[in-house]
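In: any chance you could fold what I've pasted below:
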Amino acid sequence: MEEIIIDGCNLAYKAYGGAGERERALLLGVLRDYYSRKKVSVTLVFDSKLGDGILRVLANIKVRYAASPADDYIVGLVSESISPASLTVITDDRSVGSRVRSLGAHLIRSSDFLASWKGFAKRTPPAAPSDTKPSSETPDQLRRYLKLWDV
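Out: Numbering: from 1, shown residues only. The predicted model follows:
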């Protein structure tokens, strides 16, 4: 069975522009929809202060919450594998990529994965309620602030 390990935060950023709960849920939904009937084992790894928890979404899809940095956790999964050559790691992180390749795993950049993945349908995160503070300024707001501050 083919095995894929995904740097969850990295792929969520590439797919949806963030790695918050909404983006993580969207990514997991897309992966679940696509891989639910495939003979592929998928492990989605997220950075988390929740600890080293594992959530089994389907028989072939697991979500792991890494207490240590997800990068080290992913490399650890590859190094502990009986057959690292059967693993494919999806990340744009160069350090992780070079480390897993040196262990014998295959690497696919997150951006290449999204561009070639026929199962990926970009879902837009639901808009935040209008009474909440935006998470960042718009380009127009930034220009206005810079002008006000004579920068």
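
In: run through the strands of this protein in chain order.
Out: In the chain, the strands defined using DSSP state E lie at 2-7, 40-47, 53-58, 61-66, 87-90, 106-108.

In: can you put the ones you listed in CSV and add distance to Leu28 and mean pLDDT?
Out: C-beta here means a position set from N, CA and C on the backbone, and glycine is covered the same way. Compiled in CSV, the strands of the chain are given as follows (distance: least, C-beta to C-beta, whole Å; pLDDT from 0 to 100):
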stretch, distance to Leu28, mean pLDDT
strand 2-7, 10, 93
strand 40-47, 7, 91
strand 53-58, 7, 70
strand 61-66, 7, 88
strand 87-90, 14, 95
strand 106-108, 19, 94
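
In: what residues of the longest helix along the chain count as buried?
Out: Secondary structure of the chain per DSSP state H: the longest helix is helix 21-35. For helix 21-35, a neighbour-count test (16 or more other C-beta atoms under 10 Å) marks Glu23, Arg24, Leu26, Leu27, Leu28, Val30, Leu31, Arg32, Tyr34, Tyr35 as buried.

In: residues contacting Thr88?
Out: Glu2, Glu3, Ile4, Ile5, Ala105, His106, Leu107, Ile108 (C-beta atoms under 8 Å, 6 or more residues apart in numbering).

In: right, and Ser111 touches Lys14 too?
Out: Yes - here Ser111 lies in contact with Lys14, judged by C-beta atoms under 8 Å, at a distance of 5.6 Å.

In: between these two, who's got more neighbours?
Out: The neighbour comparison of Ser111 against Lys14 (other C-beta atoms under 10 Å) goes to Lys14, with 21 against 13.

In: and the nearest residue to the more buried one once chain neighbours are set aside, how many neighbours does it have?
Out: For Lys14, ignoring the flanking residues on the chain, the nearest one in space by C-beta to C-beta, 6 or more residues apart in numbering is Ser110 at 4.4 Å. For Ser110, the neighbour count with other C-beta under 10 Å is 19.

In: can you check the one 5 residues further on too?
Out: The local packing count at Ala115 equals 10, with neighbours defined by other C-beta under 10 Å.

In: circling back to that earlier point, same list (the strands of the chain) but as JSON lines, adding distance to Ser81.
Out: Converted to JSON lines, the strands of the chain look like this (distance: least, C-beta to C-beta, whole Å):
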{"stretch": "strand 2-7", "distance to Ser81": "8"}
{"stretch": "strand 40-47", "distance to Ser81": "11"}
{"stretch": "strand 53-58", "distance to Ser81": "16"}
{"stretch": "strand 61-66", "distance to Ser81": "14"}
{"stretch": "strand 87-90", "distance to Ser81": "6"}
{"stretch": "strand 106-108", "distance to Ser81": "12"}
